[in-house]
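S.K.: Sequence and predicted structure, then a few things I'm wondering about:
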Amino acid sequence: MKKFLITFKGQQYELGVEEISNTTTGVTTTASPAPKPAVSVTSVRPDSSLESSPKPVAAIKGSGAQGVSAPMPGKILAVHIKAGEKVKRGDVLFILEAMKMQNEIMAPHDGSIANISVSVGQSVATGDQLATFG
């Protein structure tokens with residue numbers, strides 16, 4: 001039996017590994033020891049693009065007007081804006097429920113809301129336009 005010392009999350013564990021033999025048609029063979037694997041440890045840093053605060057949805061471009069589109073399929077739970085209302089970048093415009101989670105859809109930039117394309121309770125698909133800026 002070979003013993004190995006493993007360190008995982010700061011805790012050390014002793015691991016015993018037993019070599020077995022393979023019997024086939026009366027011939028006994030013993031597996032040769034495998035070469036020792038190279039162990040490399042890398043430091044894992046959190047991705048700076050993955051933050052706990054929600055990010056504004058990217059503006060969609062088309063026919064001169066900019067808008068806000070649904071980042072994922074779901075159901076509109078709340079509409080926090082009205083047509084003609086001025087909003088600032090980061091203001092919560094909609095609450096979208098997707099996979100039993102409530103997601104805040106934020107204004108991608110400062111502006112005035114020209115049109116709201118959805119209502120509370122409506123289901124949307126990824127990329128559906130929710131509102132346009134004027």
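M.R.: Yes, it's here.
S.K.: check which helix or strand covers L96.
M.R.: Assigned by DSSP states H and E, L96 belongs to strand 92-98.
S.K.: Packing partners of that strand?
M.R.: For strand 92-98, the contact count by 3 or more Cβ pairs under 8 Å, 6 or more residues apart in numbering; DSSP states H and E identifies strand 74-79, strand 101-106, strand 129-133 as packing neighbours. Any C-beta I mention is one placed from the backbone N, CA and C, and that applies to glycine too.
S.K.: which of the residues in that strand are buried?
M.R.: Of all the residues in strand 92-98, those buried under the rule 16 or more other Cβ atoms under 10 Å are L93, F94, I95, L96.
S.K.: quick one: the helices in this structure?
M.R.: In the chain, no helices are found when defined by DSSP state H.
S.K.: My guess is E97 contacts L77. True?
M.R.: Yes - look at E97 against L77 with Cβ atoms under 8 Å: they come within range, at 5.0 Å.
S.K.: If you rank every helix and strand of this protein by mean pLDDT, what lands last?
M.R.: The weakest-scoring helix or strand in the chain, judged by mean pLDDT, DSSP states H and E, is strand 59-62 (a mean of 37).
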